[in-house]
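> Let me see the structure of the following:
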Amino acid sequence: MQHNPFTTMRSLNLAEGCKGTQVYAAPPQQQQPNGGGGGGSDKFLQHLQDHLRVNSIRSKSSRTYPQSNVVVSPDSLLPFGLPLTDLLEPHIDPSLKFPDLVDRMAEIYRRIDNSDQSERSGAYLEQCAVFRGLSDPKLFRRSLRCSRQHAVDVHSKVVLSSWLRFERREDELIGTTSMDCCGRILECPKATLVSGYDPETIYDPCLCSGGGVSVSDVQECSTSSEEEALDYDMAFCIGDEEVRCVRYKIASLSRPFKAMLYGGFNEMKRGTINFTHNGISVEGMRAAEIFSRTSQLDDFPPHVVLELLKLANRFCCDELKARCDEHLARLVGSLDEAMLLIEYGLEEAAYLLVAACLQVFLRELPSSMHNPNVIKIFCSVEGRERLASLGHASFKLYFFLSQIAMEDDMKSNTTVMILERLVECAVENWEKQLACHQLGVVMLERKEYKDAQRWFNIAVEAGHVYSLVGVARSKFKRDHRYSAYKIINSLMSDNVATGWMHQERSLYCSGKEKLLDLDTATELDPTLTFPYKFRAVALVEENQFGAAIAELNKILGFKASPDCLEMRAWISIGKEDYEGALKDIRALLTLEPNFMMFNGKIHADHMVELLRPLAQQRSQADCWMQLFDHWSTVDDIGSLAVVHDMLANDPGNSLLRFRQSLLLLRLNCQKAAMRCLRLARNHSKLKHERLVYEGWILYDTGHREEALAKAEESISTQRSFEAFFLKAYALADSTLDPKSAEYVIQLLEEALRCPSDALRKGQALNNLGSVYVDCEKLDLAGDCYTNALNIKHTRAHQGLARVFHLKNQRKAAYDEMTKLIEKAQNNASAYEKRSEYCDREMAQSDLSLATQLDPLRTYPYRYRAAVLMDDHKENEAIEELSRAISFKPDLQLLHLRAAFYDSMGEGASAVKDCEAALCMDPGHADTLELYNKARESNAADQK
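As a prediction, this is how the structure comes out:
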């Protein structure tokens, strides 16, 4: 099969992919007489080999500071003792959760597919709510973009554009303002204030980027000659002054003015009309007279336009009001201006002005949430009613606000009030389910168990089955254990049992029954952290500290969970393994800088200070060497801990912050990775570095073209390794023809010519080897991988194995992967890859180990299911796929199960799986083809 250039590079998981920061080296290189890459590439690699040989010599100064003989009391390290099983309980997910997620995703896909333009944005918002509970944030962001793309009214555009901006947390970038524009209509603060439905242009450049001419540019005209030609035939008297006007021009402003001036009233006969008591100044009336002739407001100061707005409302001047509304909306650019003008907007029912003020509040989040005036508008019943009177109190608004409030402080009164407003705005069933369930979760956290139970019950009545978990927990907290047990038992009898059901039931039973439920929960959903933690603490209570650590290692091998890192550190302290405890707490602080340990009683930073004297002290140079070693052994948690230690001595080091972000992405911790990227950007003192970090932020949040533009700008400022690497990586994220692939090769070669450390040079070498493989230049690829291995980039074994395989050297490929398995701490992917280079029986063994080490890897399930189908064991094949889909709804798994159902003649099941897969990726060509085929056959069967 013809390989598409860069296919391998794009398809690599972050845990093994191009962006992850690895270490590679260049060994002595053999001459390749038929290397397929041309003499230029040979010379380049030879030059690179010499460069790396010189620059990869490691410092031998492995000096360590002697440990001080500090005596620390165990009580000071564990003031609250060791963890107890009686105090453990799992958190209730505040997101929507379903016994059959596949069925719900299929339903949402049908709703989106069948909705008209006025309903489509809301359908995508429901999809957002469902995807919010999944582990992949890209699904949520994609749905949010689609909801914004199909928004029709200004209010929806303002809320959704602000939400998209918040997802990037640009408020944390130094030097940016809330009203800065990203250059696309999608998030442009000016474009949001234009009503209408035009989904095809949403990703086009906006006026802010110079792509058009603003309205004010085309509305300038001279009226002096016009004034000279006019005959003023009346005047309005305000106090002692008169404002001369043209009667028919004033009459054209509105029907009331027309009736007054031409409708038989006394004013029709008067040349001067007393207007003193109509609430408008002389200056305002003169402005009204000018507007009546020119339809222009641009030359008037804001206070005059506000007067005109009041006049327009009093005399029903629709055009004047609309123009005043638009004009004032354009003036809102800061929080202070928004706070001042929103009161006028609400009082005068100025829809666009209020929208513009709301936009500033939303784009200033989360800081604006702490402004008492903003809280009053959003949180109070009166504030919501005032917003609702203008169409600015919607479910989507309070959905957005609720996510921020719950993240900021789950137990605060502000959070409760926002959720109460969310409930008031809920209309559709899914909205009621989400709003009431979230309010139940918050009340449970506040220990208001009676109220929590009431809200959970309302959510259940609206159709949210998962809220029964909240009902049971609320009863349990009120000492109704048996009632809680019966609720979950009934739930399990009415539905196909899931991991979270068994987990919840375990709280309400004891002994072997509890342990059996926890084991079943792990079997059905190995991503649940509570069962591992409970079993570990149970082992601690039996003084089996080593076994407890081993239990937690099982989940930490594939999921960097803060609560499991805390638990392992807690147990390590009890075991007096202070080095291990310090490593876990440092990694934990990288994930959540404000984490409170020991059930929220002590800040993790304080524990670092207590443990540091008991651990080995290292200089910054020693830390770099240790980081190199951790990276080489694929110990990501260890690497995070070392970087955190280095940043304690050099907090402004943007390079280290960038390293953090790369490690976090490999660990699938995108939120923490984005925070580290923002810190890297803020701490960088060089413009070209800041541009690179901004480019990665854009790329990782789905803005590829903007990321490429940042890379180009950085290169034009100063040629650097990271700028070329970013550009190559972003270009690879598309289907490339051979010519484009050659260009990416040139970019990577340019990157390698620029100064950088061995960790990043190695990554570029690995990527370059991947491109050479896809371009069928195997000898050059082998050279790249060998060079990478010489500077201990362990993952290069995988690339070299692929080269051997393509050269029909299967045994060498197998041996190469075995080397990777022996060196890497996290080696699930290595077992998976090695399975491709051995017979079926050995492959099954390797894939079984891969699933045991990392159950989130989907290839082993697909392979085993395919083998079962080949052996005509259709039901077992379906079960194998269903086991994984139940806790990881994956596109490839759903597509394969749909294909199996289709081959078995179960058209309805095939259609449902296709719809669920298309909910995750509506453009997946193979699934679309299968979907159309399955629908046709299913329709024929029904006839």
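> From here on, just use CA atoms for contacts and neighbour counts.
OK.
> Quick one: low-confidence residue ranges for the stretch 251-400 of the chain.
Along the stretch 251-400 of the chain, the parts satisfying pLDDT under 70 run over 265-269.
> could you redo the last one with a cut-off of 50?
Residue ranges of the stretch 251-400 of the chain with pLDDT under 50: none are present.
> Then the stretch 51-200 of the chain?
51-68.
> Please enumerate the helices of it.
Counting by DSSP state H, counting those that start in this stretch, the stretch 51-200 of the chain has helices at residues 74-77, 101-114, 117-131, 137-149, 154-168.
> Relative to residue 900, which of the ones you listed is closest?
helix 101-114 (16.0 Å; C-alpha to C-alpha).
> coming back round to it: which one of the helices of the stretch 51-200 of the chain is the most hemmed in?
Of all the helices of the stretch 51-200 of the chain, helix 154-168 carries the top mean neighbour count, a mean of 24, counting by mean count of other C-alpha atoms under 10 Å.
> CA-only coordinates of that helix in PDB, if you can.
Provided in PDB are the C-alpha atoms of helix 154-168 (Å, rounded to 0.1, in the frame of the first residue of the first chain):
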ATOM      1  CA  VAL A 154     -26.100  38.200  18.200                       C
ATOM      2  CA  HIS A 155     -26.500  36.900  21.800                       C
ATOM      3  CA  SER A 156     -25.500  33.400  20.800                       C
ATOM      4  CA  LYS A 157     -22.500  34.600  18.800                       C
ATOM      5  CA  VAL A 158     -21.300  36.700  21.800                       C
ATOM      6  CA  VAL A 159     -21.600  33.900  24.300                       C
ATOM      7  CA  LEU A 160     -20.000  31.200  22.100                       C
ATOM      8  CA  SER A 161     -17.200  33.300  20.800                       C
ATOM      9  CA  SER A 162     -16.300  34.300  24.300                       C
ATOM     10  CA  TRP A 163     -16.400  30.700  25.400                       C
ATOM     11  CA  LEU A 164     -14.100  29.700  22.600                       C
ATOM     12  CA  ARG A 165     -11.600  32.400  23.700                       C
ATOM     13  CA  PHE A 166     -11.900  31.300  27.300                       C
ATOM     14  CA  GLU A 167     -10.900  27.700  26.300                       C
ATOM     15  CA  ARG A 168      -7.600  29.100  25.200                       C
END
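> Check which helices and strands that helix sits against.
In terms of contacts (3 or more C-alpha pairs under 8 Å, 6 or more residues apart in numbering; DSSP states H and E), helix 154-168 is packed against helix 137-149, helix 351-363, helix 395-408.
> repeat that for 6 Å
Taking 3 or more C-alpha pairs under 6 Å, 6 or more residues apart in numbering; DSSP states H and E as contact, the helices and strands that helix 154-168 lies on are helix 351-363.
> In a markdown table: the helices of the stretch 51-200 of the chain, plus distance to residue 570.
Formatted as a markdown table, the helices of the stretch 51-200 of the chain follow (distance: least, C-alpha to C-alpha, whole Å):
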| stretch | distance to residue 570 |
| --- | --- |
| helix 74-77 | 9 |
| helix 101-114 | 35 |
| helix 117-131 | 33 |
| helix 137-149 | 30 |
| helix 154-168 | 33 |
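> Can you say which of these is nearest to residue 480?
Closest approach to residue 480 among the helices of the stretch 51-200 of the chain (C-alpha to C-alpha): helix 101-114, 29.9 Å.
> For that closest one, give me every contacting residue.
With C-alpha atoms under 6 Å, 6 or more residues apart in numbering as the test, helix 101-114 has contacts from 120, 123, 912, 915-916, 919.
> For residue 463, find the nearest of the helices of the stretch 51-200 of the chain.
Nearest of these to residue 463, taken as C-alpha to C-alpha: helix 101-114 at 12.1 Å.
> out of the helices of the stretch 51-200 of the chain, which comes closest to residue 195?
helix 154-168 (5.1 Å).
> what's the angle from the closest one to helix 137-149?
Using axes from the mean of the first three to the mean of the last three C-alpha atoms, to 10 degrees, the inter-axis angle of helix 154-168 relative to helix 137-149 is 160 degrees.
> What is the burial count for residue 594?
Residues contacting residue 594 under the criterion other C-alpha atoms under 10 Å number 12.
> in the sheet, who's paired with the closest residue to it other than its chain neighbours?
In this structure, residue 594 finds its nearest non-sequential neighbour in residue 603, 7.0 Å apart by C-alpha to C-alpha, 6 or more residues apart in numbering. In this entry, residue 603 is beta-bridged to residue 596, by DSSP bridges.
> I figured residue 603 hits residue 596, correct?
Yes: the pair formed by residue 603 and residue 596 meets the contact definition of C-alpha atoms under 6 Å, at 4.4 Å.
> which residues touch residue 695?
Going by C-alpha under 6 Å, 6+ apart, residue 695 touches 707, 710.
> 7 Å instead?
By C-alpha atoms under 7 Å, 6 or more residues apart in numbering, residue 695 lies in contact with 707-708, 710-711.
> And for residue 653?
Contacts for residue 653 were tallied using C-alpha under 7 Å, 6+ apart; they are 647, 683.
> Among the helices of the stretch 51-200 of the chain, single out whichever gets nearest to residue 456.
Go through the helices of the stretch 51-200 of the chain one by one with C-alpha to C-alpha and the one that ends up closest to residue 456 is helix 117-131, at 17.4 Å.
> can I get the CA coordinates of that closest one in CSV?
Presented in CSV, the C-alpha positions along helix 117-131 are these (Å, rounded to 0.1, in the frame of the first residue of the first chain):
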residue,chain,number,x,y,z
GLN,A,117,-30.5,26.4,10.6
SER,A,118,-32.3,27.9,13.6
GLU,A,119,-31.9,24.7,15.7
ARG,A,120,-28.5,23.5,14.7
SER,A,121,-26.5,25.7,17.0
GLY,A,122,-28.5,24.4,20.0
ALA,A,123,-28.1,20.8,18.8
TYR,A,124,-24.3,21.3,18.8
LEU,A,125,-24.5,22.8,22.3
GLU,A,126,-26.1,19.6,23.5
GLN,A,127,-23.3,17.7,21.9
CYS,A,128,-20.9,20.0,23.9
ALA,A,129,-22.6,19.0,27.1
VAL,A,130,-22.2,15.3,26.3
PHE,A,131,-18.6,15.6,25.2
